[in-house]
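# Following is a predicted model, sequence given first.
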Amino acid sequence: MQKVSKTEQKQIKSLKYKKYRYKNGLFVVEGVKVINEFLNSDYQLVRLYSLEDVFDVSEEKLRRVDLATLKSLSFLSTPQIALAVFEIKQVKALKYNALTLALDTINDPGNLGTIIRLCDWFDVRDIICTKETVDCYNPKVVQSTMGSLTRVSLHYLDLPQVLQSSGLQIYSSEMTGESVYSAELNQHSILVMGSESHGVSKEISSMSSPLTIPHFGSDNKTESLNVAMATSIMLNEFKRRTIEMKS
């Protein structure tokens, strides 16, 4: 077993906070599956702390640790065999390849992680985020993406400005609007999903075509859908149309 210095432990624990992630240019990944996803991507490994020899990495970057040490480093209530530190990579320039998703101030890490996984599933490669949206390198976000963060790029920008300059059709998911099932959907467009508590801002709503997911049933008392759930329905309908267009 190898010892991890107090300085090293302190730096890793500081990566729970956005300020220190970007100050050091580093973030944490936990669990064998997720770590392997990052190892097989263009993210650069800094150090790997593991209970077992199950990774193909150089000895220089590997630290074999005991369970007590891993527990002291982990952000999880139950540590998963290994923890790795990777470099935050430079995001490539935003490209509008078919459908692009935009997020207007999504605060919950679990929601953002699920949305990133959904984009990976539905082949949406870029997500534009307001600067107030939770950081994609938040440990809870990284964990909930299950590796999809390696294939989806997030761009934290001035969203209204980006939408205005895009030259694309803009849709927003709202409580009132045209049903997503009957609306004519432009596949080369931007779909905006709003915050968990306030929805899409008035500024963004004013420059977009509102779409809604209709209620079914006469006695439906559900006020709204979770933003990740609503995103899955919207993306599914957009992508379903591409199948219809090909047939």
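Received the coordinates, thanks.
# ok, Ser172 - contacts?
Contacts here follow CB atoms under 8 Å, 6 or more residues apart in numbering; on that basis Ser172 touches 191-194, 200, 204-205, 208-211. Quick note: C-beta positions are derived from backbone N, CA and C, even for glycine.
# Using the three-state scheme, assign it.
strand (DSSP: H, G, I helix; E, B strand; the rest coil).
# So what's the residue count around the residue nearest to it when sequence neighbours are not counted?
Ranked by CB to CB, 6 or more residues apart in numbering and with sequence neighbours excluded, the top spatial neighbour of Ser172 is Ser208, at 4.0 Å. Around Ser208 sit 22 other residues, with neighbours defined as other CB atoms under 10 Å.
# show me the contacts for Ser208.
Residues near Ser208 by CB under 8 Å, 6+ apart: 163, 170-172, 192, 200.
# one more time with 7 Å, if that's ok
Each residue near Ser208 by CB atoms under 7 Å, 6 or more residues apart in numbering is listed here: 170-172, 192.
# Counting by contacts, list what the worst-scoring helix or strand of the chain on mean pLDDT packs against.
Across the helices and strands of the chain, mean confidence by mean pLDDT, DSSP states H and E is lowest for helix 227-246: a mean of 91. Packing contacts for helix 227-246, counted by 3 or more CB pairs under 7 Å, 6 or more residues apart in numbering; DSSP states H and E, involve helix 109-121, strand 189-194.
# quick one: contacts of the helix or strand following the last one?
So that's strand 189-194. Counting by DSSP states H and E, the next helix or strand C-terminal to strand 189-194 is helix 202-205. The contact list for helix 202-205, computed with CB under 7 Å, 6+ apart, reads 104, 159-160, 163, 172, 174, 192.
# Relative to Lys92, which of these is nearest.
Nearest to Lys92 among the contacts of helix 202-205 is Leu159, at 18.5 Å by CB to CB.
# isn't that closest one right next to Asp104, touching?
Yes - here Leu159 reaches Asp104: they are 6.3 Å apart, a contact under CB atoms under 7 Å.
# Show me whatever sits in contact with both of the two.
Taking CB under 7 Å, 6+ apart as the contact rule, Leu159 and Asp104 both touch 130, 204.
# Please compute how far stretch 109-122 lies from its chain's middle.
Centroid displacement of stretch 109-122 relative to its chain, using CA atoms, centre = their mean, to the nearest Å, is 5 Å.
# related to what we said a few turns ago, which one, of the helices and strands packed on helix 227-246, ends up nearest to Tyr49?
Tyr49 sits nearest to helix 109-121 of all the helices and strands packed on helix 227-246, at 22.1 Å, using CB to CB.
# domain assignment for the protein?
Following automatic domain parsing, the chain resolves into domains at 6-87, 100-246.
# Please state the offset of the longest one from the chain centre?
Which is domain 100-246. 11 Å.
# contacting residues for Thr100?
Contacts of Thr100 (CB under 7 Å, 6+ apart): 124, 126, 128, 190.
# Out of the residues you listed, list just those in strands.
Of the contacts of Thr100, the ones assigned to strands by DSSP state E are 126, 128, 190.
# neighbour-wise, which of those residues leads?
Using other CB under 10 Å as the neighbour criterion, Ile128 leads the ones in strands among the contacts of Thr100 with 24 neighbours.
# Among the contacts of Thr100, which one sits closest to Ser77?
Val124 (31.5 Å).
# picking that back up, just name the most buried of the domains of the chain.
domain 100-246 (a mean of 17; mean count of other CB atoms under 10 Å).
# tell me the contacts of the nearest residue to Asp120 once chain neighbours are set aside?
Leaving aside its sequence neighbours, Asp120 sits nearest to Ser148 (CB to CB, 6+ apart; 3.7 Å). If you count contacts by CB under 7 Å, 6+ apart, Ser148 has them with 116-117, 120.
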